[in-house]
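> Got a sequence here, can you model it:
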Amino acid sequence: MHFVWAFVIGGAICVIGQLLMDVGKLTPAHTMSSLVVAGAVLDGVGLYEPFIKFAGAGATVPITSFGNSLVHGAMQELKLHGAIGIITGIFEVTSAGISAAIIFSFLAALVCKPKG
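Predicted coordinates:
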């Protein structure tokens, strides 16, 4: 049943993103930013962790999880190291994902010919 809920919740997040673009006429960049902010706000008010426990990968794979990671890392490091922990916590938790995005984007640019 965990797989079913992960599929349903992950799909629902994707549907919300698609509706923001189709109905709300937002650009992909605005949609992505909105979903990241939504994940950050939900983690800030303490709702994203229970959401992850319920939905599993359905909540950790979509872009909303990136916002959750940003706030979660900042809050964790704030408790340990004070104000400087806000900045270091953001990078500590998300550095692997950001690095992977940069590396794979570079490799894709080497392999694929851009249009225009």
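> Find me the pLDDT at the spatially most central residue of the chain, would you?
Among the residues of the chain, residue 66 comes closest to the average C-alpha position under Cα atoms, centre = their mean, at 2.3 Å. The predicted structure scores residue 66 at 90 on the pLDDT scale.
> and what of the one 10 residues further on?
We note a pLDDT of 90 for residue 76 in this prediction.
> Could you check how many residues crowd around it?
With neighbours defined by other Cβ atoms under 10 Å, the count for residue 76 comes to 14. Any C-beta I mention is one placed from the backbone N, CA and C, and that applies to glycine too.
> Can you report how many residues lie near the closest residue in space to it that isn't next to it in sequence?
Distances taken as Cβ to Cβ, 6 or more residues apart in numbering put residue 89 closest to residue 76, at 5.7 Å, once the chain neighbours are dropped. Using other Cβ under 10 Å as the criterion, residue 89 is surrounded by 23 other residues.
> Check which residues of the helix or strand hosting residue 89 are buried.
Here residue 89 is covered by helix 84-111, with elements defined by DSSP states H and E. For helix 84-111, burial by neighbour count (16 or more other Cβ atoms under 10 Å) applies to 85, 89, 90, 93, 94.
> Turn the residues you listed into CSV, columns for distance to residue 43 and pLDDT.
Output for the buried residues of helix 84-111, formatted as CSV (distance: Cβ to Cβ, whole Å; pLDDT from 0 to 100):
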residue, distance to residue 43, pLDDT
85, 16, 86
89, 12, 87
90, 12, 86
93, 11, 83
94, 13, 86
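> Tell me how far residue 7 lies from residue 53.
16 Å (Cβ to Cβ, to the nearest Å).
> now residue 83
Relative to residue 53, residue 83 is positioned 30 Å away (Cβ to Cβ).
> and the direction of the helix or strand hosting residue 73 versus that of helix 84-111, what angle?
When secondary structure is defined by DSSP H and E, residue 73 falls within helix 64-81. With axes from the mean of the first three to the mean of the last three Cα atoms, to 10 degrees as the criterion, the two stretches helix 64-81 and helix 84-111 enclose an angle of 140 degrees.
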